[in-house]
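J.: Sequence below, structure please.
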Amino acid sequence: MQTANALDEHVILLDEEGRHIGTAPKYSMHGENTALHLAFSCYVFNPAGEVLVTRRALTKKAWPGVWTNSFCGHPLPAEPFTQAVDRRAHHELGLRIDNIDLVLPTFRYRATDSGGTVENEICPVYVARTDQEPTPNPDEVAEYAWTRPAALYRAVTDAPWAFSPWMTLQVQQMDSFRA
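T.: Residues are numbered from 1 along each chain as shown. The predicted structure follows:
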């Protein structure tokens, strides 16, 4: 599995049509004028059909302490998406995942958090499966919970302000959350 040192990690920059136009150091991204770049989100399900949600670590630059999907990340240049998803599952949650499936291939969003940090991403959305319990990396995840997909859909619909803006949009677009 490919690894990335946080200081050396680069993200893939995109033009408005989603074409790769270069790379930039990850540490330089997610400011007030964040360039459009490539990312991904993943929702992990257990054998009981529950979905894993996580609360972002309080030390995260963007949306600290906010409840969100299982994990997110950025593919490294030339890294296949499924490999990137697997890498981040292990890094953030200590999870071995399988059955990685693309469910929202063209998801895109732009949002600004209360501190002025902008997310500006083309962010394909994946689902995966695990039979393990997470062992969260405290630099990434403050806490986690397993929940029924329909309950998460209702919570996101009733109180969207309590969740990351990308998750709010994604859950509303994914059939697996409507029961």
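J.: how much space between Val127 and Asp101?
T.: Using CB to CB, to the nearest Å, we find Val127 at a distance of 5 Å from Asp101. For the C-beta atoms, the positions are set from N, CA and C on the backbone; glycine is no exception.
J.: Please identify which of those two sits among more neighbours.
T.: In terms of neighbours (other CB atoms under 10 Å), Val127 is the more surrounded of Val127 and Asp101; the figures are 22 against 11.
J.: what sits against that one?
T.: Residues near Val127 by CB atoms under 8 Å, 6 or more residues apart in numbering: Cys42, Tyr43, Val44, Phe45, Asn99, Ile100, Asp101, Val103, Ser176.
J.: which SSE is it in?
T.: Following DSSP states H and E, one finds Val127 within strand 125-129.
J.: Report the distance from the helix or strand following that strand to the chain centre.
T.: Tracing the chain C-terminally past strand 125-129 and defining elements by DSSP H and E, one meets strand 141-147 next. Relative to its chain's centre, strand 141-147 lies at 14 Å (CA atoms, centre = their mean, to the nearest Å).
J.: what comes into contact with the next helix or strand after strand 141-147?
T.: Where DSSP H and E defines the elements, the next helix or strand beyond strand 141-147 is helix 149-158. Helix 149-158 has contacts (CB under 8 Å, 6+ apart) with 49-51, 53, 147, 162-163, 167-168, 171-172, 176-179.
J.: Over to stretch 94-103?
T.: 42, 44, 81-82, 85-86, 89-90, 124-130, 132, 134-137, 174, 176.
J.: Return the distance of that stretch from the chain's centre.
T.: Distance of stretch 94-103 from its chain centroid, counting by CA atoms, centre = their mean, is 13 Å.
J.: before we move on, what about stretch 101-111?
T.: With CA atoms, centre = their mean, you get 10 Å for stretch 101-111.
J.: measure it end to end?
T.: End-to-end span of stretch 101-111 (CA to CA, to the nearest Å): 25 Å.
J.: Give me the buried positions along it.
T.: For stretch 101-111, the buried set under the neighbour-count rule, 16 or more other CB atoms under 10 Å, comprises Val103, Leu104, Phe107, Arg108, Tyr109, Ala111.
J.: Kindly report the same for stretch 8-20.
T.: For stretch 8-20, burial by neighbour count (16+ other CB under 10 Å) applies to Glu9, His10, Val11, Ile12, Leu13, Leu14.
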